[in-house]
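*Asks:* Dropping the sequence and predicted coords here.
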Amino acid sequence: CWTEVYIDDSFAAVEEDLRHATGLLFGHLARRFGLVLREVRQTVSAVAMPASLAPRLRVAVGSPALRIERRYFAHAADPVEIAISIHPGDRFSYSMTLASTARAEQAG
């Protein structure tokens with residue numbers, strides 16, 4: 001996939017931590033700036049592969065793709081980080097399990 005990540009200029013010092021780092025960017029932001037992750041809002045959309053990314057991802061322009069946008073929130077109403085990923089349609093799967101919190105009534 002191709003991912004672009006955006007953060008506010010006030011967090012630019014985190015770049016020093018990323019030169020040889022692995023893991024999620026928000027983890028590095030949290031450690032450096034004392035942030036606590038409160039919420040991640042994720043939107044998944046079906047899109048056509050943009051011409052600017054198709055050669056980099058070795059797929060045809062306009063082929064099926066998925067756009068994943070994640071907004072990471074800490075203390076404020078504005079996101080601390082925005083990550084946008086474009087996945088070729090045949091290289092992505094998403095699995096989710098939903099569990100009920102309701103208790104089953106016992107017959108008795």
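*Replies:* Yep, it's here.
*Asks:* where exactly do the strands run in this protein?
*Replies:* Taking DSSP state E as the test, the strands found in the chain are 2-7, 39-48, 64-73, 81-88.
*Asks:* What's the mean pLDDT across the third one?
*Replies:* When pLDDT is averaged over strand 64-73, the result is 95.
*Asks:* elements contacting that strand?
*Replies:* Using 3 or more Cβ pairs under 8 Å, 6 or more residues apart in numbering; DSSP states H and E, the elements in contact with strand 64-73 are strand 39-48, strand 81-88. C-beta here means a position set from N, CA and C on the backbone, and glycine is covered the same way.
*Asks:* Please identify the buried residues of the first one?
*Replies:* What it means is strand 39-48. When burial is assessed from 16 or more other Cβ atoms under 10 Å, strand 39-48 yields no buried residues.
*Asks:* partners of it in the sheet?
*Replies:* strand 64-73 (antiparallel) (DSSP bridges).
*Asks:* likewise the last one?
*Replies:* Using DSSP bridges, strand 81-88 pairs in its sheet with strand 2-7 (antiparallel), strand 64-73 (antiparallel).
*Asks:* Show residues contacting the first one.
*Replies:* What it means is strand 2-7. If you take Cβ atoms under 8 Å, 6 or more residues apart in numbering as the criterion, strand 2-7 is touched by 14, 25, 29, 53, 56-57, 80-86.
*Asks:* Since that was my last question, I'll sign off now.
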